[in-house]
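Colleague: What shape does this take:
(one chain, ligands or ions: 3)
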Amino acid sequence: GATLGVLGGGQLGRMFVHQAQGMGYFTAVLDADPTSPARLVSHHHIQTGYEDPQGLAELARLSDAVTTEFENVPAAALAALAAQRPVSPAASAVSVAQDRAREKAHFVACGVPCAPYAVIETAEQLAAVSSDLLPGILKTARMGYDGKGQVRVKTPAELAAAWDSVGKVPCVLEKMLPLALECSVIVARGADGGTVHLPVQRNLHRDGILAVTEVFEQNLPPALAQQAVAAAVSIANGLQYVGVLCVEFFVLQDGSLVVNEIAPRPHNSGHYSQNACDVSQFELQVRTVARLPLTQPRQHSPAVMLNLLGDLWFAHGDAAQTPPWAEVLALPGTHLHLYGKRDAKRGRKMGHLNITAATPEAARATALQAAALLGIAPF
Ligand code: ATP
Ligand code: MG
Ligand code: MG
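Modeller: Ligands and ions are numbered 1, 2, ... in the order given. Model (predicted):
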């Protein structure tokens, strides 16, 4: 049988491996961590870093095609693999997603509005920042996730102190926008340039981390959802993207749509598709990597996804204890996904709970019951 390789062994890699195996593939995971979630379930594991040429050569030798589950994998590693095997997404696309300055330039090139911003790489650029961008959010250009590497600033003095505090690395300053809500779209684009997408997801973030995703019709104005899908497809086309791409959006209080950022892989906000759609985002990933046909996914059930952060293991104090899964799973339409991580830490993504039901109202009601049992704040 054919083997699909993946760079990175986190939960996204694990769910890719599960899906690939379910479709008859062997899998190979490259990750330096011997306890990584994907490593625990993969046929092959190459325990080394992304910079190790021997490890990359071994991944290429084992695999018929390769993908990534980690957006900050060095573009050079993808390029080296691409000399030997089909790699999707390509290094050129991933490198745009890795750098907020290049990412925003791509949005502008695609004609999709994003927040007003300035690139800050030098003291001169810092001094020249327009006061129109304040209050704003200073974001490191590279390596940020879950709100890490971001500082909210109100004045030029705060901005200068914030740039100092992140070590004067390249950053973008974004204007703070008045958000009405946040949403995202998962697009899959095949090697033939054809695209399919999941329904638009409505997302609630808490402390910079995704907390809840809700997906059902009428959750968003239809015209807005159509606009988000069209923007996501044009961003994917502009990158000549092959693979699964998530595009995050803000909807502003005046109703306008603004793109936030992209992730060159399946995304936390697309996890509901595992139980609510006839094709999940991980099946879309397997199909694009393996060059299988794409068909438009159909959502068959309204869905709510609750993220299960490590905090839930400490709901009753300092000693970690297992959340009440049996009580949660006694609720109809609840689907538990845990990533096999041994240590629960606050803010760490340990798993997610998908809730499906016949109606949006029923899905929400069950999700609120599950949240109450788990100690997740209502939404
Ligand atoms: P992820 O884990 O999604 O990759 P990240 O660390 O890359 O997160 P962003 O998506 O840039 O962070 O921002 C995190 C959250 O902060 C957003 O989902 C939004 O709630 C808020 N936020 C970011 N930028 C802005 C902005 N310009 N105006 C208002 N709110 C913002
Ligand atoms: Mg991000
Ligand atoms: Mg984000």
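Colleague: Report the contact partners of Y25.
Modeller: 1-4, 286, 290 (C-beta atoms under 8 Å, 6 or more residues apart in numbering). Where C-beta positions appear, they are placed from N, C-alpha and C, glycine not excepted.
Colleague: tally of neighbours for V304?
Modeller: 29 (other C-beta atoms under 10 Å).
Colleague: whoops, I mixed them up, H106
Modeller: Other residues close to H106 by other C-beta under 10 Å number 20.
Colleague: Name the helix or strand for it, please.
Modeller: Assigned by DSSP states H and E, H106 belongs to helix 100-110.
Colleague: which SSE is the residue lying closest to G111 once chain neighbours are set aside in?
Modeller: Of all residues not flanking G111 in the chain, S234 sits nearest, at 7.3 Å (C-beta to C-beta, 6 or more residues apart in numbering). Taking DSSP H and E as the definition, one finds S234 inside helix 222-238.
Colleague: that older thread, is it true that the residue nearest to G111 touches A109?
Modeller: No. Taking contacts as C-beta atoms under 8 Å, S234 lies outside contact range of A109: 10.0 Å.
Colleague: if we can go back for a sec, may I see the buried residues of the helix holding H106?
Modeller: Across helix 100-110, burial judged by 16 or more other C-beta atoms under 10 Å covers 100-101, 103-104, 106-107, 110.
Colleague: for the most centrally placed residue in the chain, what are its contacts?
Modeller: For the chain, the residue sitting closest to the mean C-alpha position, by C-alpha atoms, centre = their mean, is H267 at 2.9 Å. Residues counted as contacts of H267 (C-beta under 8 Å, 6+ apart) are 184, 186, 246, 248, 281.
Colleague: give me that answer again for 7 Å
Modeller: By C-beta atoms under 7 Å, 6 or more residues apart in numbering, H267 lies in contact with 184, 186, 246.
Colleague: Correct me if wrong: the first one contacts S269.
Modeller: Yes. Taking C-beta atoms under 7 Å as the contact criterion, S184 and S269 are neighbours in contact, 4.5 Å apart.
Colleague: Show me the protein divided up by domain.
Modeller: Per automatic domain parsing, the domain ranges recorded for the chain read 3-87, 116-175, 179-374.
Colleague: can you tell which of those is closest to V96?
Modeller: Between V96 and the domains of the chain, the shortest gap by C-beta to C-beta is with domain 179-374, which sits at 6.2 Å.
Colleague: Run the contact check for the helix or strand V258 falls within versus ligand 1.
Modeller: Taking DSSP H and E as the criterion, the element that holds V258 is strand 257-263. Yes. Judged by C-beta under 6 Å from any ligand atom, strand 257-263 and ligand 1 are in contact via 260-261.
Colleague: That strand - contacts with which helices or strands?
Modeller: Contacts defined by 3 or more C-beta pairs under 7 Å, 6 or more residues apart in numbering; DSSP states H and E place strand 257-263 against helix 100-110, helix 222-238, strand 243-252.
Colleague: got the CA coordinates for stretch 16-27 in CSV?
Modeller: What follows is stretch 16-27, C-alpha atoms only, in CSV (Å, rounded to 0.1, in the frame of the first residue of the first chain):
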residue,chain,number,x,y,z
PHE,A,16,-4.7,13.1,9.6
VAL,A,17,-3.1,9.7,10.4
HIS,A,18,-6.4,8.3,11.7
GLN,A,19,-8.1,9.4,8.5
ALA,A,20,-5.4,8.1,6.2
GLN,A,21,-5.3,4.7,7.9
GLY,A,22,-9.1,4.5,7.7
MET,A,23,-8.7,5.0,3.9
GLY,A,24,-6.1,2.2,3.6
TYR,A,25,-2.8,4.1,3.7
PHE,A,26,0.2,3.6,5.7
THR,A,27,1.6,6.7,7.5
